[in-house]
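Asks: attaching a predicted model along with its sequence, questions to come.
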Amino acid sequence: EPEVTQTPSHQVTQMGQEVILRCVPISNHLYFYWYRQILGQKVEFLVSFYNNEISEKSEIFDDQFSVERPDGSNFTLKIRSTKLEDSAMYFCANIGSGNTIYFGEGSWLTVV
Amino acid sequence: GQQVMQIPQYQHVQEGEDFTTYCNSSTTLSNIQWYKQRPGGHPVFLIQLVKSGEVKKQKRLTFQFGEAKKNSSLHITATQTTDVGTYFCAGCRSTSGTYKYIFGTGTRLKVLA
């Protein structure tokens, strides 16, 4: 089965610091997503990215967040000036043909 | 904005009992997908339903998409301990060629041996 790879698997950061989460998507997939899951809660949509630009974003995805595909392969989520409530599992996801969403293993962010 | 709710939030069943989770969207969906997430894991795709009234089966799992394409259900017959996890529906809204998936609130299933 195709794999979406995320790094780091776990990051602890001080409040106010910037964090970059990285995703290596499945090749030839066109749609990229970032989702967030606070411990014990549902999976929340953050942003979708298509054709090298943001196609849609949620209310959660404010100016603190940004996404990039800097080298045409990796897909990054940057969180500036982290807050305690940013602590969550962040999932990268891709869609290929057939609309199946493939999730990465997730990056667990802890803000202290 | 679009909301997708699931009930129940939690369910404990004895092994061998049946289990059903219901998913309701505030808006009409293009399609709906179901995912299973084991504790500590990531959501894993189970199935996609596209057509109004569609019913699909995977072994002991039966998935149904409502006629109005706003609700769906997942039924597990004769649960096993391996069915433990949280089941999420994800409703898709397709606009201008882009796809936005909103996940339901999830139903956490515990199966007691």
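Replies: Good, I have the coordinates.

Asks: please, where are all the strands along chain A?
Replies: A:5-7, A:10-13, A:19-24, A:31-37, A:43-50, A:53-57, A:65-68, A:75-79, A:88-95, A:101-103, A:107-111 (DSSP state E).

Asks: redo those as TSV? Include mean pLDDT.
Replies: TSV is the format used below for these (pLDDT from 0 to 100):
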stretch	mean pLDDT
strand A:5-7	94
strand A:10-13	96
strand A:19-24	95
strand A:31-37	93
strand A:43-50	91
strand A:53-57	89
strand A:65-68	94
strand A:75-79	95
strand A:88-95	93
strand A:101-103	87
strand A:107-111	97
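
Asks: these into CSV, with extra columns for distance to chain B?
Replies: Heads up, the C-betas are built off the backbone N, CA and C, glycines and all. Shown next, in CSV, are the strands of chain A (distance: least, C-beta to the nearest C-beta, whole Å):
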stretch, distance to chain B
strand A:5-7, 9
strand A:10-13, 12
strand A:19-24, 12
strand A:31-37, 6
strand A:43-50, 4
strand A:53-57, 4
strand A:65-68, 15
strand A:75-79, 15
strand A:88-95, 6
strand A:101-103, 4
strand A:107-111, 10
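
Asks: okay if I get those as TSV plus mean neighbour count?
Replies: Listed next are the strands of chain A as TSV, based on neighbours: other C-beta atoms under 10 Å in any protein chain shown:
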stretch	mean neighbour count
strand A:5-7	18
strand A:10-13	14
strand A:19-24	19
strand A:31-37	24
strand A:43-50	21
strand A:53-57	15
strand A:65-68	17
strand A:75-79	20
strand A:88-95	23
strand A:101-103	22
strand A:107-111	19
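
Asks: distance to residue B:13 added to these, as a markdown table?
Replies: Listed next are these as a markdown table, based on distance: least, C-beta to C-beta, whole Å:
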| stretch | distance to residue B:13 |
| --- | --- |
| strand A:5-7 | 33 |
| strand A:10-13 | 33 |
| strand A:19-24 | 36 |
| strand A:31-37 | 24 |
| strand A:43-50 | 23 |
| strand A:53-57 | 37 |
| strand A:65-68 | 39 |
| strand A:75-79 | 37 |
| strand A:88-95 | 27 |
| strand A:101-103 | 26 |
| strand A:107-111 | 30 |
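
Asks: how about the residues of chain B by chain A?
Replies: Residues of chain B lying near chain A by C-beta under 8 Å from any C-beta of the partner chain: B:1, B:31, B:33, B:35, B:37, B:41-45, B:48, B:88, B:90, B:92, B:98-106.

Asks: which residues touch the longest strand belonging to chain B?
Replies: Longest among the strand segments of chain B by residue count, using DSSP E, is strand B:85-95. The contact list for strand B:85-95 (C-beta atoms under 8 Å, 6 or more residues apart in numbering or on different chains) reads A:42-43, A:99, A:101, B:2, B:4, B:6, B:21, B:23, B:25, B:27, B:29-39, B:41, B:43, B:72, B:74, B:99-104, B:106-109.
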